[in-house]
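1. sequence isn't available, so here's the structure alone:
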């Protein structure tokens, strides 16, 4: 029997760049299992398990991923542990990706997602993935994942919604002064795609907090401050389905309008010569002065 409601807890956690944070993550999960038994999934911030240092990159499957899988088994929770740096061998040497694992309550790795848009030019030497990721929670609905800078490119969320995602799980690690812009993007992403958008940032070495949860009507269900926080939210996927049928707040129907559009977006054709302006912007490098 399908259930339209589902409990998710975002964990805005203190992240260290100098040691493993997995034990702390496990303590949060055990606490949530005891205090909020209706919560079925936990979502941590980007790079929460091992922090934002490239030298901590691991080949997957890894010992860290196995520890997280064991925590999922122990607590019976779906776990989205943020992400970690994945090391793999390419034709020209080592490649590092920023990779998210989706772990079910049995401790199985359901999916892995490689961040499509590393924060270039600041996130150096990290390759971008090229595969979108959605997964189904049985008898509940379809979820999509993206990571941090991905949200700045509306095509990412639009594609996940077109693949049937009703909830976007979005770990981030933002420690910069543009966090206020990301809050606006999160709200816009939810409204444009009629999805729940759950954007969880870290604190300490893992970000400046201010996580946000937005519903498919564009209403902010919760916005955190800058400290560590557990954010337990019950979502209702029937609300997503109703909004998509009737329109956002019974008004605009953006997904249907996108489907039934009359125009063709040639700007999405890579290296299209119709848009020489883009080539005039110069290389993607850090500003020097």
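-> Yep, it's here. Small disclaimer: the values here were computed from a predicted structure and weren't measured.

2. show me the shaky parts of this structure.
-> Within the chain, the stretches with pLDDT under 70 are 1.

3. and for the residue nearest the centre of it, nearest residue in space, chain neighbours not counted?
-> The centroid of the chain falls nearest to residue 170 when counting by Cα atoms, centre = their mean (2.0 Å). In this structure, residue 170 finds its nearest non-sequential neighbour in residue 199, 4.5 Å apart by Cβ to Cβ, 6 or more residues apart in numbering. All C-beta spots, glycine's among them, are computed from the backbone N, C-alpha and C.

4. looking at this, the one you found is in a strand?
-> Yes. Counting by DSSP: H, G, I helix; E, B strand; the rest coil, residue 199 is part of a strand.

5. correct me if wrong: it contacts residue 186.
-> Yes. Contact criterion Cβ atoms under 8 Å: residue 199 and residue 186 qualify, at 4.5 Å.

6. joint contacts of these two?
-> 151, 170, 212, 214 (Cβ atoms under 8 Å, 6 or more residues apart in numbering).

7. which residues does residue 199 bridge with?
-> Residue 199 forms beta bridges with residue 170, residue 212, as assigned by DSSP bridges.

8. what's the separation between it and residue 25?
-> Distance of residue 199 to residue 25, computed by Cβ to Cβ, to the nearest Å: 18 Å.

9. who's more crowded, those two?
-> The neighbour comparison of residue 199 against residue 25 (other Cβ atoms under 10 Å) goes to residue 199, with 29 against 23.

10. residues contacting the more buried one?
-> 151, 170, 172, 182, 183, 186, 211, 212, 213, 214.

11. mind checking how far the fourth one is from residue 105?
-> When Cβ to Cβ is applied, the distance between residue 182 and residue 105 equals 30 Å.

12. re the thing from before, can I get the contacts of residue 199 in CSV with distance to residue 77?
-> Formatted as CSV, those follow (distance: Cβ to Cβ, whole Å):
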residue, distance to residue 77
151, 24
170, 18
172, 21
182, 26
183, 27
186, 23
211, 18
212, 22
213, 18
214, 23
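
13. now, of the residues you listed, which are buried?
-> Using 16 or more other Cβ atoms under 10 Å as the burial test, those include 151, 170, 172, 182, 183, 186, 211, 212, 213, 214 as buried.

14. quick check, the fourth one in a strand?
-> Yep, that's residue 182 we're talking about. No. Counting by three-state DSSP, residue 182 is not part of a strand but helix.

15. wait, isn't it in contact with residue 151?
-> Yes. Contact criterion Cβ under 8 Å: residue 182 and residue 151 qualify, at 6.8 Å.

16. could you pull out the helices for the stretch 1-150 of the chain?
-> 22-35, 63-75 (DSSP state H, counting those that start in this stretch).

17. now these in CSV, please, with extra columns for distance to residue 242.
-> Output for those, formatted as CSV (distance: least, Cβ to Cβ, whole Å):
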stretch, distance to residue 242
helix 22-35, 29
helix 63-75, 31
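
18. so which of the ones you listed is the most packed in?
-> The highest average neighbour count among these, using mean count of other Cβ atoms under 10 Å, belongs to helix 63-75 at a mean of 18.
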